[in-house]
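**Student:** using only what follows, build the 3D model:
(one chain, ligands or ions: 1)
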Amino acid sequence: MSSTSTTLTRDASGEQAPRLWSSRFAFVLAATGSAVGLGNIWKFPYITGENGGGAFVLVYLLCIALIGLPIMMAEVMIGRRGGHNPITTMKNLAAKAGISARWQGLGWLGVVGSFIILSFYSVIGGWAVSYVGTSATGTFAGADADAVGALFGNLLGSPSTLLLWHTLFMALVMVVVARGVRAGLEKATTWLMPALFVLLLMLVGYAFTTDSFGQGVSFLFSPDFSKLSTEGVLTAMGHAFFTLSLGMGVMMVYGAYLPKQVSIAKVSIAVSLMDTLVALLAGLAIFPIVFANGLEPGAGPGLIFQTLPLAFGQMPGGTLFGTLFFVLLVFAAWTSAISLLEPVVSWVEENKGISRVTSTLVAGAAIWTMGLLTILSLNEWSGFHPLGMFATFEGKTIFDLLDYLTANIMLPLGGLLVALFAGWALRRDSVQDELGMGDSAMFRIWYGLLRYVTPIGVLVVFVYNLI
Ligand code: PFF
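**Tutor:** Below you'll find the predicted structure:
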């Protein structure tokens, strides 16, 4: 095993190792790329719409600040201290702290979880890629609700079309990951993230020109608590994990590439802020367009694939801005998918002692194959509900189950274990040493949130979701 090709640890100087991000800015862009994804542009707007707007947004912001951010700092901290793929990191840190080797399970949870998430994330990323072409060719222009619905229905109903786009999307992801941390992940995110921001601002600017911009703003920012249910609060909390990419070993492995001198608190705050900003801007781009066309904000998962194309089809410049919107969605999904492949590839590479390229091919092919389950769940197997005998899983396809398993069980469980490991299992002085904040008030607030607030918050969501 050659140490340069199979070890993620930083070298003595901490700076020159090829496995490290070249700067703190590079980490912030890559981690923001991971956080900003389908969760921000597809899921956040539709769950906000379903949960009545402002009050939901407020709860979501609180969850990001009080639960998401502390867990992100903890996960990045664990990653940097371990310096390897999530499984090896957990194994080494547990051994060093003299605690149970079972903590390695947290690493496994991450690698297996990101594997499963990517298998269906890539299928949805494929929808986005296909919609770039659909929009660019002017298909939405003048189309009515039935026509737009039929387009989406036909895409989901055709396994071969879905397979084509899923394959293309996975290929895009693998090309980047195969090139490694600096030449692949870092380079891709330094191009894609600024482009994403420019596109998003253009779309918000466009929404601003509609008569309904004010209505969109008040929908997002004026809280009406009568519209918020307990379930809405739990959805907000669950989404905070998903949107910040927590609990799946992603922030851990990105943390492993973070140079020692960088402040974990600062970069985590930057990433959380940018992720929140993008979600809010996506809302500001989408809702005015929805309202301007008299459409329903609570349309559910079809909001951006059915409602929005309908709006683009009715508006001046709709073909151009519709196309830009789907390009934005592809960029966002792409940089998140890259981050989901990294924990798996880094583990294969380090553990099996094979090259980066081969590891990417092996891991990518396995995930691609698993994606077939999602593709078939949308059509041929849509009537197959393997756990239908249990009330909670009634009517759920394999795809629905994979989504449920990851979003409702694996992510919160991963987040909870990160909080317990950093807050209770690791020694306070080693945590302090890695964070480099001394025993400041900020440190104590973070530590308190991590030890008490986050585990309780997560347990509440967790138990609620299971019953
Ligand atoms: N944060 C991504 C999004 O909002 O779309 C999704 C995601 C990426 C979830 C990586 C979990 C993860 F580990």
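**Student:** tell me which parts of the stretch 101-250 of the chain are close to the ligand?
**Tutor:** Applying CB under 6 Å from any ligand atom, we find that the stretch 101-250 of the chain lies next to the ligand at 114, 117, 242-243, 245, 248, 250. Where C-beta positions appear, they are placed from N, C-alpha and C, glycine not excepted.
**Student:** in JSON lines: those residues, plus neighbour count.
**Tutor:** Shown next, in JSON lines, are these (neighbours: other CB atoms under 10 Å):
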{"residue": "114", "neighbour count": "31"}
{"residue": "117", "neighbour count": "25"}
{"residue": "242", "neighbour count": "23"}
{"residue": "243", "neighbour count": "26"}
{"residue": "245", "neighbour count": "30"}
{"residue": "248", "neighbour count": "31"}
{"residue": "250", "neighbour count": "29"}
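**Student:** could those residues go into a markdown table alongside secondary structure, pLDDT and distance to residue 325?
**Tutor:** What follows is these, written out as a markdown table (DSSP: H, G, I helix; E, B strand; the rest coil; pLDDT from 0 to 100; distance: CB to CB, whole Å):
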| residue | secondary structure | pLDDT | distance to residue 325 |
| --- | --- | --- | --- |
| 114 | helix | 98 | 27 |
| 117 | helix | 97 | 23 |
| 242 | helix | 94 | 21 |
| 243 | helix | 97 | 19 |
| 245 | coil | 98 | 22 |
| 248 | coil | 96 | 27 |
| 250 | helix | 98 | 26 |
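**Student:** report the two of those residues separated the most.
**Tutor:** Spatially, the most separated pair among those is 114 and 243, at 15.1 Å (CB to CB).
**Student:** could you look up the SS state of the residue of the chain positioned farthest from its centre?
**Tutor:** Most distant residue from the mean C-alpha position of the chain: residue 142, 33.4 Å away (CA atoms, centre = their mean). Three-state call for residue 142 (DSSP: H, G, I helix; E, B strand; the rest coil): coil.
**Student:** surely it touches residue 310?
**Tutor:** No. Between residue 142 and residue 310 there is no contact under CB atoms under 8 Å: 10.3 Å.
**Student:** chain center to the helix or strand where residue 367 lies, what's the gap?
**Tutor:** For residue 367, the element it lies in under DSSP states H and E is helix 356-377. Centroid separation for helix 356-377 versus its chain: 18 Å, with CA atoms, centre = their mean, to the nearest Å.
**Student:** any idea of the mean pLDDT in it?
**Tutor:** The average pLDDT within helix 356-377 is 98.
**Student:** after it, which helix or strand is next? Please name it.
**Tutor:** helix 398-404.
**Student:** what helices or strands is that next one leaning on?
**Tutor:** Applying 3 or more CB pairs under 8 Å, 6 or more residues apart in numbering; DSSP states H and E, one finds that helix 398-404 contacts helix 104-136, helix 356-377.
**Student:** can you tell me which helices and strands the helix or strand just after the longest one packs against?
**Tutor:** Yep, that's helix 104-136 we're talking about. Next helix or strand after helix 104-136 toward the C-terminus (DSSP H and E): helix 145-157. The contact analysis (3+ CB pairs under 8 Å, 6+ apart) places helix 145-157 against helix 104-136, helix 159-178, helix 308-314.
**Student:** of those helices, which is nearest residue 429?
**Tutor:** Per CB to CB, nearest to residue 429 of the helices and strands packed on helix 145-157: helix 104-136, 21.3 Å.
**Student:** now the closest one: how far from the chain's centre is it?
**Tutor:** The mean C-alpha position of helix 104-136 is separated from the chain mean by 9 Å, CA atoms, centre = their mean.
**Student:** renumber starting at 2 from here on
**Tutor:** Sounds good: first residue 2 from here, last item helix 105-137.
**Student:** now do it against helix 160-179, angle only.
**Tutor:** 120 degrees (axes from the mean of the first three to the mean of the last three CA atoms, to 10 degrees).
**Student:** now do the buried residues in helix 105-137.
**Tutor:** Across helix 105-137, burial judged by 16 or more other CB atoms under 10 Å covers 105, 107-108, 110-133, 135-137.
**Student:** quick one, what contacts whatever residue of the stretch 302-451 of the chain ends up closest to the ligand?
**Tutor:** Closest residue of the stretch 302-451 of the chain to the ligand, CB to the nearest ligand atom: residue 337 (4.2 Å). Applying CB atoms under 8 Å, 6 or more residues apart in numbering to residue 337 gives the contacts 34-40, 122, 246.
**Student:** and if we set it to 10 Å?
**Tutor:** By CB atoms under 10 Å, 6 or more residues apart in numbering, the residues touching residue 337 are 34-41, 118-119, 122, 126, 174, 244, 246, 251.
**Student:** with that, I have no additional questions.
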